[in-house]
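J.: What follows is a predicted protein model with its sequence.
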Amino acid sequence: MKTLPAVDVLIIGGGWSGLLMAKELGSRTSLSILVLERGPARETSDYVNAMDELDYAIRLHMMQDLSQETVTLRHDAGHRALPLRQHGSFQIGAGVGGSGEHWNAQCPRFLPDCFELLSQTTNKYGADALPADHSIRDWGITYDELEPYYTRVEKLLGVSGKAGNLKGKKIDGGNIFEGWRSEEYPTPPTKVPYFAALFRDAAKSLGYHPYTAPSATISQAYTNPDGISRGGCTYCGFCGRFGCMVGAKAQPTNLLLPIIQKRKNVVLRKGAWVRRILFDSGSKSEARGVTYVDASGEELFQPASLVFLSSWTFNNTRLLLLSRIGEPYNPVSCRGTVGSNLTHQVVIPSATAFFREPLNRFMGSGSAGTLMNDFDGDVFDRRTLPFLRGGYFAARAYGFQPIANFGVLPRSVEATWGAEWKKAAVLYYDRTAAISFSGEHLAYKHNFMDLDSTYKDKLGDPLLRLTLDWRENERNMADFATAKAVEIARAMGAKEITPFSGLRHYDATRYQSTHVQGGTIMGSSPEHSVVNPYLQHWQLPNLFILGGSTFPQNASANPTPTILSFVYRTADALVDRYLKSPGPLA
């Protein structure tokens, strides 16, 4: 195996986390930095005239090729796992920018108590209130510690929104249930589409507190602290699963790549499929670098002094397991940490509503809409309800293309084919919309990841195996959310409503979100976590793990602002402390 010249910093994965770390270290130090990305190159210019629903939204042009690598899934350890051959409940991005290129740019913060979920829930309700098989953990950090980094992320992205809790003062029009924020959003809220306005007015009439969704597809021209300028959104409706053709959506390729490309100490190498992280076999206290297969098929060894693993939840976990770094989680003994606390948001179309008048659904953006957090987290009295935590309701206006969204009909339409069905499908195409619900997913002892004993990837390495299913807590939460959504849809004047049919087993075929977390979780003790609160590996101090794989459980909010906040915090600790005196940061 050929050994390449050593670098100071090696980053595995060129998505939001990896490229932000590369930008920070590349701009603030003279270290030699190499980013390895196994997917293709991507540039903002690639998305001009690329509003092709068939190619991007149906054939999923920007997603990982599942014929080369996928995951296997089973509902419990007593069953055989089977490989997922199509993108379903989550969609993993591929190429430079990763999922940050095709995301919807929704940018809420996590509620403050999410970071201390175990201790706060126990203190308020007692240990008996927790599910018997939970594995909920505190993060080892508080919201107050993370708040300045949230503010930096919002300035980086130019997030459009309205504060609801500015330095402790509650402000009508924003999310009054959010944690305190030190500054107002960088840009004003985006426009409110018709369906979202109907939801807003109905929610207010019922005594709730709706607000315009915070968005990184910005409402007006903005220049961020790095000097990157972008124009405002045109509401063309091509956001999720697409790159932004006008650059209004914050993406790694338009915010981070232009800066990285100017740094002579940063190199981005595409077509690099990392197979193992190597460590000192004697002391087992230091990562030495990685082995990877390049675009020609040659396997190479890349030495490095600092290694960052930032290749999304599944591959972060899988690379640790393949590299035999840390102790794999055992669901029987509950020993080990690598692979534990697998979670996925509870995202459901709580109520599909049908209206008499058109909704102009073809206009919008990935984060245009109205949200409502009156039943999120622990902000409401749930003492008599059969579930812990909660989530937020949303009336989104993504911009609904006809191929993916045509043919959703109310139950009153009896025809299932022919001229009558076609007539009804045309009529309801622009008269149908869903009130969605995004809820927290608690961590359980028997939801975890390990290596599959049967299925392998294109290079012969074992696939990652997911053992994942919903529990009664999530099923009860979904039922509660469905009833509330139906109530709001009625207040909106819906002609007919189809409620969500309920959660049963985890369904890999229905898209929920790409917010899958866990596997390399953070915490204050190596007994229950893989990395410390600075995302530094407990046993290998020169190995850092970035991204949602470090989250002990899943909040209701979208994770990107929280992920990037932790990257900023880790970068500061590296520059201010670690580089001056390498070793454990916590």
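T.: The structure has been received and is ready for your questions.
J.: For the top strand by length along the chain, what is the distance to the chain centroid?
T.: Scanning the chain for the longest strand, with DSSP state E as the assignment, gives strand 299-309. In terms of CA atoms, centre = their mean, to the nearest Å, the gap separating the centre of strand 299-309 from the centre of its chain is 26 Å.
J.: In it, which residues are buried?
T.: Within strand 299-309, the residues that qualify as buried are 301-309, counting by 16 or more other CB atoms under 10 Å. For glycine as for every other residue, the C-beta is placed from the backbone atoms N, C-alpha and C.
J.: And the next helix or strand past that strand?
T.: helix 312-323 (DSSP states H and E).
J.: list the helices and strands that next one packs on?
T.: The helices and strands touching helix 312-323, judged by 3 or more CB pairs under 8 Å, 6 or more residues apart in numbering; DSSP states H and E, are strand 273-279, strand 299-309, strand 448-456, strand 462-467, strand 516-517.
J.: so which of those strands gets nearest residue 264?
T.: Each of the helices and strands packed on helix 312-323 has some distance to residue 264 by CB to CB; the shortest is strand 299-309, at 18.0 Å.
J.: helices or strands up against the closest one?
T.: The helices and strands touching strand 299-309, judged by 3+ CB pairs under 8 Å, 6+ apart, are strand 2-3, strand 7-12, strand 33-37, strand 273-279, strand 287-293, helix 312-323, strand 543-545.
J.: tell me the contacts of residue 87?
T.: Neighbour list for residue 87: 60, 63, 66 [criterion: CB atoms under 8 Å, 6 or more residues apart in numbering].
J.: How many residues are close by the residue nearest to residue 338 when sequence neighbours are not counted?
T.: Of all residues not flanking residue 338 in the chain, residue 326 sits nearest, at 4.4 Å (CB to CB, 6 or more residues apart in numbering). When neighbours are counted by other CB atoms under 10 Å, residue 326 registers 21.
J.: Now do residue 326, the pLDDT please.
T.: In this prediction, residue 326 carries a pLDDT score of 96.
J.: for it, phi and psi?
T.: In terms of degrees, to the nearest 10, the main-chain angles of residue 326 are phi 90, psi 170.
J.: Give me the distance between it and residue 335.
T.: According to CB to CB, to the nearest Å, residue 326 and residue 335 sit 12 Å apart.
J.: any idea how far residue 528 is from the closest residue to residue 43 other than its chain neighbours?
T.: Distances taken as CB to CB, 6+ apart place residue 253 nearest to residue 43, at 5.9 Å, with adjacent residues excluded. The gap separating residue 253 from residue 528 is 37 Å, by CB to CB.
J.: again, but for residue 268
T.: Separation of residue 268 from residue 528 (CB to CB) stands at 35 Å.
J.: Also residue 20?
T.: Look at residue 20 and residue 528: by CB to CB, they are 27 Å apart.
J.: of these two, who's got more company?
T.: With other CB under 10 Å as the criterion, residue 20 and residue 528 differ in neighbour count, and residue 20 comes out ahead with 26 against 18.
J.: Kindly state the pLDDT recorded for that one?
T.: According to the model's per-residue confidence, residue 20 sits at a pLDDT of 98.
J.: check contacts around the residue most central in space within the chain.
T.: A centroid search over the chain (CA atoms, centre = their mean) returns residue 515, at 3.5 Å, as the residue closest to the centre. Residue 515 sits next to 90, 344-345, 548, 554, 558-559 when contact means CB under 8 Å, 6+ apart.
J.: out of the residues you listed, who has the most neighbours?
T.: Among these, the one with the most neighbours (other CB under 10 Å) is residue 554, at 27 neighbours.
J.: beta partners of that one?
T.: In this entry, residue 554 is beta-bridged to residue 441, by DSSP bridges.
J.: That one and residue 263, how far apart?
T.: The spacing between residue 554 and residue 263, counted by CB to CB, is 34 Å.
J.: Equivalent analysis for residue 25, please.
T.: Between residue 25 and residue 263 the computed distance is 9 Å (CB to CB).
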